[in-house]
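Student: Fold the following and give me the result.
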Amino acid sequence: MALVILGIGLTVLLTAASRGVAVAAKAKEYEIARTLIYQVEMENPLQLDDLDEGSESGRFEGKYAEYRWEREIVEFGEESDELYKISTAVIWKSRKGDLREGVETLLHLPSALKLSLI
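Tutor: Numbers count the residues shown, from 1 in each chain. Alright, predicted model coming up:
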């Protein structure tokens with residue numbers, strides 16, 4: 001009886017430990033994706049004086065070759081508002097399919113242009 005209880009206890013303990021490792025690995029992937037989003041924003045800055053709706057994408061090289069990025073710019077609200085929604089995402093493959101981490105930003109073009117001149 002004691003061996004059965006010990007066996008069940010060890011099984012539960014090992015299952016919990018393996019799930020903890022899996023969560024840590026997934027958290028690391030999301031941390032990498034967040035860092036890569038900032039890298040995209042620094043290496044591919046928006047051209048505020050020529051901002052148009054559209055999308056662009058690319059792949060990372062070297063250590064992060066399994067990650068890719070996408071950016072979409074869409075006009076938000078009325079055309080006269082000059083408000084844009086900018087969605088930047090990093091996508092990577094996992095055992096369960098593609099995973100995605102992204103950031104959405106609303107940009108008021110006249111205000112952004114004023115700030116870029118300061």
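
Student: hey, let's count contacts and neighbours off CA atoms from now on
Tutor: Fine.

Student: Can you tell me the closest non-neighbouring residue to residue 92?
Tutor: Once flanking residues are discounted, residue 92 sits nearest to residue 67: 4.6 Å by Cα to Cα, 6 or more residues apart in numbering.

Student: who touches that neighbour in this structure?
Tutor: 33, 59, 60, 90, 91, 92, 93 (Cα atoms under 8 Å, 6 or more residues apart in numbering).

Student: Just give me the closest of these to residue 10.
Tutor: Distance ranking of the contacts of residue 67 against residue 10, using Cα to Cα, places residue 93 first at 32.5 Å.

Student: Now the closest residue to the closest one other than its chain neighbours: which helix or strand?
Tutor: In this structure, residue 93 finds its nearest non-sequential neighbour in residue 99, 6.1 Å apart by Cα to Cα, 6+ apart. Following DSSP states H and E, one finds residue 99 within strand 97-108.

Student: Residues in contact with that strand: which ones?
Tutor: In contact with strand 97-108 (Cα under 8 Å, 6+ apart) are residues 30, 33-34, 37, 81-93.

Student: what mean pLDDT would you report for stretch 62-74?
Tutor: Mean pLDDT, stretch 62-74: 95.

Student: Roughly how far does the closest residue to residue 87 other than its chain neighbours sit from residue 111?
Tutor: Sequence neighbours aside, residue 104 is the residue nearest to residue 87 in space, at 4.4 Å (criterion: Cα to Cα, 6+ apart). Per Cα to Cα, to the nearest Å, residue 104 is found 18 Å from residue 111.
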